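Enquirer: Sequence and predicted structure, then a few things I'm wondering about:
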Amino acid sequence: MNNIGKAFLLAMLVSAPTQPTAAAELMAVSNGACDHLLRGEIKENDADLFTDAGVTRVCLDSPGGSFLGGKALEDLFMTDGIQTYVRRGDQCHSACALAFLGGSEWGDMRHASRTIEPGAVLGFHAPYLALPHGNHDAEELNQTMTLAMSIAGKIVADGPNLKTSLGFMTGFILAPTRDTKVVSTVHDAVMGGIEIATAYKLPKVGDKEARQACKTLFDRYADAFADAVTATEPSFDVSPSGDFAKAQSGTTQVDGEVWKTVATENSDETPWQSASCAFSSNVDHWGYREALLWSNDARSPLELKSANRQVRLRIPDWYFLPGDTPISNL
């Protein structure tokens with residue numbers, strides 16, 4: 001095998017665990033969370049394990065493995081609508097974490113469906129190439145760099161399908177480290193579009209809770225509000241201070257109901273749009289309540305009817321917690 005061939009072989013194993021582990025196995029389980037469990041080191045062709053297996057929700061417990069294998073599992077989970085789950089006490093690193101992000105279910109369209117329990121460990125890092133010890137010429141190093149960039153490019157190109165924030169892409173999926181970066185806080189989970197299996201319930205949405213949730217939501221979705229010409233985005237602050245940003249609160253009529261509303265009014269002397277959120281007091285059967293985000297120009301009233309853009313979605317109650325709340329505490 002020539003040097004380039006060796007580099008390519010290593011590229012397939014860039015996410016492999018440092019210690020030898022058993023090859024992945026897919027087994028049927030009946031634990032309430034999943035119908036199947038994938039456990040062990042991920043190999044390049046592990047997507048074949050799912051052929052005719054009838055998997056709808058898979059639990060993952062793996063130290064990592066082949067990047068190509070993890071990418072193939074991610075694609076399979078998105079295409080076939082297989083939900084992913086990491087249980088308390090289990091770990092999913094590297095290539096496993098990439099596969100985890102493919103968790104999906106189909107309805108009117110494809111929806112991301114990936115869940116962790118408090119006490120689960122989910123860790124990401126960028127694919128990397130580990131050349132063998134020895135001298136390497138410029139051509140080999142150039143080929144290795146090109147291959148590494150190609151791998152990273154495949155991940156970036158998949159960004160819209162993964163339905164994560166840009167910050168999660170750069171801070172976790174492409175984290176430049178061989179040690180995985182673990183999803184550890186409520187903010188991390190929201191940025192990654194990851195559900196947390198927790199029984200946490202919010203007794204009442206007050207100003208404090210509403211402002212925290214609005215901050216988290218605009219951290220996640222601000223890029224969806226960017227002005228096509230000026231590229232300005234709305235900016236929400238939990239506790240704005242000074243002459244250029246003011247906190248506002250009140251209520252908004254949405255579909256004949258009164259929703260709790262909070263906003264940060266940014267002046268036209270800042271590079272930001274004003275940002276507002278409204279929250280329903282009603283919780284549905286699945287434990288979600290509706291949230292509405294919208295932006296206004298700095299000189300405009302903070303009204304939904306004059307919004308530049310708006311996003312409506314359903315959120316669980318743990319979105320109202322401070323973003324630095326450890327997932328392990330839930």
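Expert: Arrived safely. Numbering: from 1, shown residues only.

Enquirer: any idea how far Arg39 is from Val262?
Expert: Val262 sits at a distance of 44 Å from Arg39 (criterion: C-beta to C-beta, to the nearest Å). For every residue, glycine as well, the C-beta is placed using N, CA and C.

Enquirer: Kindly report the same for Ala189.
Expert: Distance from Ala189 to Arg39, by C-beta to C-beta: 23 Å.

Enquirer: buried residues in stretch 279-286?
Expert: Neighbour counts using 16 or more other C-beta atoms under 10 Å place Phe279, Ser280 of stretch 279-286 among the buried residues.

Enquirer: do stretch 164-176 as well
Expert: Thr164, Ser165, Gly167, Phe168, Met169, Phe172, Ile173, Leu174, Ala175.

Enquirer: Also stretch 210-227?
Expert: 210-218, 220-222, 225.

Enquirer: Closest to Thr252 out of the buried residues of stretch 164-176?
Expert: Ser165 (25.5 Å; C-beta to C-beta).

Enquirer: Name all residues that make contact with the nearest residue to the closest one once chain neighbours are set aside.
Expert: Closest residue to Ser165 apart from its sequence neighbours, by C-beta to C-beta, 6 or more residues apart in numbering: Met191 at 4.5 Å. Neighbouring residues of Met191 by C-beta atoms under 8 Å, 6 or more residues apart in numbering: Thr164, Ser165, Gly167, Phe168, Gly171, Phe172, Asp219, Arg220.

Enquirer: Just name the closest of the buried residues of stretch 210-227 to Pro240, please.
Expert: The nearest one, if we look at these relative to Pro240 and count by C-beta to C-beta, is Arg211, at 9.6 Å.

Enquirer: any idea which helix or strand comes after the helix or strand encompassing that closest one?
Expert: Secondary structure from DSSP states H and E places Arg211 in helix 207-221. Remark: after helix 207-221, the chain's next helix or strand is strand 245-254, criterion DSSP H and E.

Enquirer: Wait, Ala226 touches Ser235, no?
Expert: No: using C-beta atoms under 8 Å, Ala226 makes no contact with Ser235, being 11.6 Å away.

Enquirer: Farthest pair within the buried residues of stretch 164-176?
Expert: Among the buried residues of stretch 164-176, Ser165 and Ala175 lie farthest apart (C-beta to C-beta), at 14.1 Å.

Enquirer: Would you mind giving both backbone torsions of Trp106?
Expert: Taking degrees, to the nearest 10, you get phi -100, psi 140 for the backbone angles of Trp106.

Enquirer: Buried residues of the strand or helix carrying Ser150, list them for me.
Expert: Using DSSP H and E, Ser150 falls within helix 138-157. Residues Glu140, Gln143, Thr144, Leu147, Ala148, Ile151, Ala152, Ile155 are the ones in helix 138-157 that count as buried (16+ other C-beta under 10 Å).
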